[in-house]
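K.L.:
Structure of the sequence below:
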Amino acid sequence: MVRQLRAEQTRATIITAAADLFDRCGYESTSLSDIVEHAHVTKGALYFHFAAKEDLAHAIMEIQSRTLREVTTEMDARGHTCLETLMRITFGIARLSVEGPVQRAGLRLATGPVEVRPPLTHPFTEWRDIAARKLHGAMKESDIHPDIDVEAVAHALVSWFVGTRVVGRSLEPVARQPRRVAEMWHVMIRGMVPVTRRARYLNLASRLEREIRPV
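P.N.:
Numbering: from 1, shown residues only. Okay, the predicted model is just below:
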């Protein structure tokens, strides 16, 4: 039991170290030797868990996918409207991106040269499908205009959300991410939410941003 726990801790340490380097330096610029040094483990320990750098990348993307499903399930269980649930999902992922490197690295890997292995779905496809489901629900709840092209908006939302981090990586600290997500929602809400319901969701976006803003 102790040996198994130690192995799991070592694996988690390696994944976190790899994620940090993939996020800061890029997948192609990071070597296994860099990861060994950053994780403070031996090469034997790394190869015990991962045969190649690509296996590490895939493990990070698996965690990213599982985390998205967990956040979505948690928000679904709270009984919010579909639009509020979708907003809370995006802010939840933004919070995790601020708190640790795995979500940031997963996003960078998804935009890079690493091929997603079946049965794992590409992260952007998974995010877009969740957004589309929630937007269809929001339309039924009359929280967005009935003539909205849901698939187009879902695609735009994912593109915008991903873009805030891609652009931000070069221009500003990751702690700025929640603010960028709030700005995204302020624009989208004004374009798709009826005037009579707009204030509620604009206020919600500001409140969610404040809740995860670093002190």
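
K.L.:
Let me see the contact set for the closest residue to A110 other than its chain neighbours.
P.N.:
Closest residue to A110 apart from its sequence neighbours, by C-beta to C-beta, 6 or more residues apart in numbering: P123 at 4.5 Å. All C-beta atoms are positioned from the backbone trio N, CA, C, and that covers glycine. Residues in contact with P123 (C-beta atoms under 8 Å, 6 or more residues apart in numbering) are M61, Q64, S65, L68, G106, L107, A110, V116.

K.L.:
From the residues you listed, which one has the minimum pLDDT?
P.N.:
Note: of the contacts of P123, the lowest pLDDT belongs to V116, at 87.

K.L.:
Quick check: that residue touching G106?
P.N.:
No. Between V116 and G106 no contact is recorded; they are 10.7 Å apart, counting by C-beta atoms under 8 Å.

K.L.:
quick one: the residue nearest the centre of the chain and V166, what's the gap?
P.N.:
For the chain, the residue nearest the mean C-alpha position is I93 (4.5 Å; C-alpha atoms, centre = their mean). According to C-beta to C-beta, to the nearest Å, I93 and V166 sit 14 Å apart.

K.L.:
the helices in this structure, which residues?
P.N.:
2-25, 32-39, 43-49, 53-76, 82-99, 101-110, 123-140, 150-171, 177-192, 195-212 (DSSP state H).

K.L.:
ranking those by burial, who's on top?
P.N.:
helix 101-110 (a mean of 24; mean count of other C-beta atoms under 10 Å).

K.L.:
which other residues reach that one?
P.N.:
15-16, 18-20, 22-24, 26-27, 57, 60-61, 63-64, 67, 93, 96-97, 116, 122-124, 162, 165-166, 169, 174.

K.L.:
Between which two of the contacts of P123 is the distance greatest?
P.N.:
The most widely separated members of the contacts of P123, counting by C-beta to C-beta, are L68 and V116 (13.7 Å).
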